[in-house]
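**Q** fold the following for me, if possible:
(one chain, ligands or ions: 1)
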Amino acid sequence: MTMQSYKLTYFNMRGRAELPRYIFAYAGIAFEDRRVEWNDWPSIKKRKLPVLEVNGVPLTQSLAIARFLAKEAGLVGNSKLAEAQADALVDTLNDFTLLIPWREDNPQIKTQKIDMLFQSHAPKLLDHLQCHLGDREWLVGDSETWADLYCHVCFTTFSVLRPGFADDHPALCGLIDRVEAIPNVAKWIQSRPTTEF
Ligand SMILES: N[C@@H](CCC(=O)N[C@@H](CS)C(=O)NCC(=O)O)C(=O)O
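**A** Next comes the predicted model:
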């Protein structure tokens with residue numbers, strides 16, 4: 001088998017690169033974690049980040065990158081239907097992240113919008129995920145998938161915006177703890193650069 005070379009370029013944030021990074025860590029695949037400055041990026045290339053270069057071939061869109069890596073890592077689910085369920089959960093979580101007003105400049109309006117989002121949408125998201133999980137250990141089937149990892153990535157950021165936001169959903173908190181207890185994921189979380197988002 002030939003060695004693949006992986007270079008993941010993003011800003012110095014978890015953001016949209018963190019799910020690919022979790023999958024690399026989970027699978028124990030070596031990659032270059034290239035972090036560029038906001039101001040430097042446009043001068044480097046007119047492309048949105050993250051970009052993963054696989055043997056020099058660029059791939060964009062964080063979820064396409066993550067799905068590609070999840071396939072390599074055996075994390076997509078173990079049937080066609082399980083794959084679609086994992087995809088759907090990833091999309092559900094992603095829909096919520098897209099509602100976060102990251103680009104709102106006015107801090108008061110930003111806080112209001114975030115309050116609204118966590119009051120109106122978060123309970124629906126949490127109920128949906130908890131209902132889907134039921135009394136099982138993982139979101140899809142009986143082993144972990146990239147949907148579980150993404151849940152951890154998203155909840156980490158949601159908790160920065162709204163500490164304790166999932167506290168009244170204990171089954172989901174249990175899932176988050178299980179993801180965190182996966183040794184390679186735990187190692188990544190401990191050793192990654194500390195950033196707010
Ligand atoms: N849907 C894309 C969104 C990519 C995106 O909007 N990236 C932002 C950072 S999170 C970016 O590159 N902004 C800098 C720019 O637009 O030049 C993905 O998930 O990768």
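
**Q** next SSE after the longest helix along the chain?
**A** Among the segments of the chain that qualify as a helix by DSSP state H, the longest is helix 80-99. Moving toward the C-terminus from helix 80-99, the next helix or strand (DSSP states H and E) is helix 107-120.

**Q** got the angle for that next one vs helix 80-99?
**A** Interaxial angle of helix 107-120 relative to helix 80-99 (axes from the mean of the first three to the mean of the last three CA atoms, to 10 degrees): 150 degrees.

**Q** so which bits of the longest helix of the chain are buried?
**A** Counting neighbours by 16 or more other CB atoms under 10 Å, one finds that the buried residues in helix 80-99 are 82-83, 85-87, 89-90, 92-93, 96. Yep, even glycine has a C-beta here, placed from its N, CA and C like the rest.

**Q** and what of stretch 133-150?
**A** 133, 138-141, 144-150.

**Q** which bits of this structure sit near the ligand?
**A** Within the chain, the positions adjacent to the ligand are 15-16, 42, 48-50, 61-63 by CB under 6 Å from any ligand atom.

**Q** now those in TSV, with secondary structure, pLDDT and neighbour count?
**A** Shown next, in TSV, are the residues of the chain next to the ligand (DSSP: H, G, I helix; E, B strand; the rest coil; pLDDT from 0 to 100; neighbours: other CB atoms under 10 Å):
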residue	secondary structure	pLDDT	neighbour count
15	helix	98	18
16	helix	98	20
42	helix	69	9
48	coil	90	11
49	coil	94	21
50	coil	96	23
61	coil	97	14
62	helix	98	22
63	helix	98	17
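
**Q** of all pairs in these, which one is the farthest apart?
**A** The two members of the residues of the chain next to the ligand with the most space between them (CB to CB) are 42 and 63, at 23.1 Å.

**Q** just the closest of the buried residues of stretch 133-150 to the ligand, please.
**A** The closest of those to the ligand turns out to be residue 150 (CB to the nearest ligand atom; 11.8 Å).

**Q** for that closest one, what is the enclosing helix or strand?
**A** Element membership for residue 150, per DSSP H and E: helix 146-161.

**Q** can you list contacts of the next helix or strand after that helix?
**A** Next along the chain after helix 146-161, taking DSSP H and E as the criterion, comes helix 170-180. Contacts to helix 170-180, defined as CB atoms under 8 Å, 6 or more residues apart in numbering, come from residues 126, 129-130, 133-135, 137-139, 144, 148-149, 151-152, 155, 166-167, 185-186, 189.

**Q** over to stretch 54-71?
**A** 4-6, 8, 16-17, 19-20, 23-24, 27, 29, 47-48, 50-53, 76, 86-87, 90, 94, 145-146, 150.

**Q** fine by me, we can end here.
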